[in-house]
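# below are the sequence and a predicted model; questions follow.
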Amino acid sequence: MPNYILTYHGATIPKTAEEGTRRMAQWQSWADSLGDAWVNRGTPVGSAKTVSAKGITEGGGDNPIIGFSILQADNLGEVLAMVESSPHIKDGGTMVVAEMKSMGDC
């Protein structure tokens, strides 16, 4: 069964601690609903730097990654059905979903 990486981008920042707690509870409930599909439930990331042939610049571009998760599913359609109900999407964020390939498949 293939693994799929989800990268989280954007979303509004909670205005209060209570809103942050409520959002985390919603995320936990959503995550729990996906059961055994999780390979890595989620890892937030800190500030980013972009490395290119032109050098190193501050930030992660126009839509920087704020975290990632890894799910296991039979196909991309199954993963898309799982993530479209994510509270992250409802909070104005976006997610990029891609199948993870082994180096031998490239």
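In hand now; what should we look at? Residues are numbered from 1 along each chain as shown.

# only C-alpha atoms from now on, for both contacts and neighbour counts.
OK.

# which helix or strand contains the closest residue to Leu34 other than its chain neighbours?
Nearest non-adjacent residue to Leu34, counting by C-alpha to C-alpha, 6 or more residues apart in numbering: Met82, 7.1 Å away. Using DSSP states H and E, Met82 sits within helix 76-83.

# touching the following helix or strand past that helix from outside, list them.
Where DSSP H and E defines the elements, the next helix or strand beyond helix 76-83 is helix 87-90. The contact list for helix 87-90 (C-alpha atoms under 8 Å, 6 or more residues apart in numbering) reads 8, 11, 23, 26-27, 30, 94-95.

# could you list the buried residues of stretch 32-44?
Within stretch 32-44, the residues scored as buried using 16 or more other C-alpha atoms under 10 Å are 37-38, 42.

# which of those fall within strands?
Assigned to strands by DSSP state E, the following of these qualify: 38, 42.

# which stretches of the protein form strands?
Using DSSP E, strands in the chain cover 3-10, 38-44, 49-52, 55-58, 65-72, 93-99.

# just send those strands back as a markdown table, with distance to Asp105 too.
Below are those laid out as a markdown table (distance: least, C-alpha to C-alpha, whole Å):
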| stretch | distance to Asp105 |
| --- | --- |
| strand 3-10 | 13 |
| strand 38-44 | 20 |
| strand 49-52 | 25 |
| strand 55-58 | 30 |
| strand 65-72 | 17 |
| strand 93-99 | 12 |
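
# now render those as a markdown table, adding distance to Thr16 and mean pLDDT.
Output for the strands of the chain, formatted as a markdown table (distance: least, C-alpha to C-alpha, whole Å; pLDDT from 0 to 100):
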| stretch | distance to Thr16 | mean pLDDT |
| --- | --- | --- |
| strand 3-10 | 18 | 95 |
| strand 38-44 | 19 | 93 |
| strand 49-52 | 28 | 90 |
| strand 55-58 | 28 | 92 |
| strand 65-72 | 19 | 95 |
| strand 93-99 | 18 | 95 |
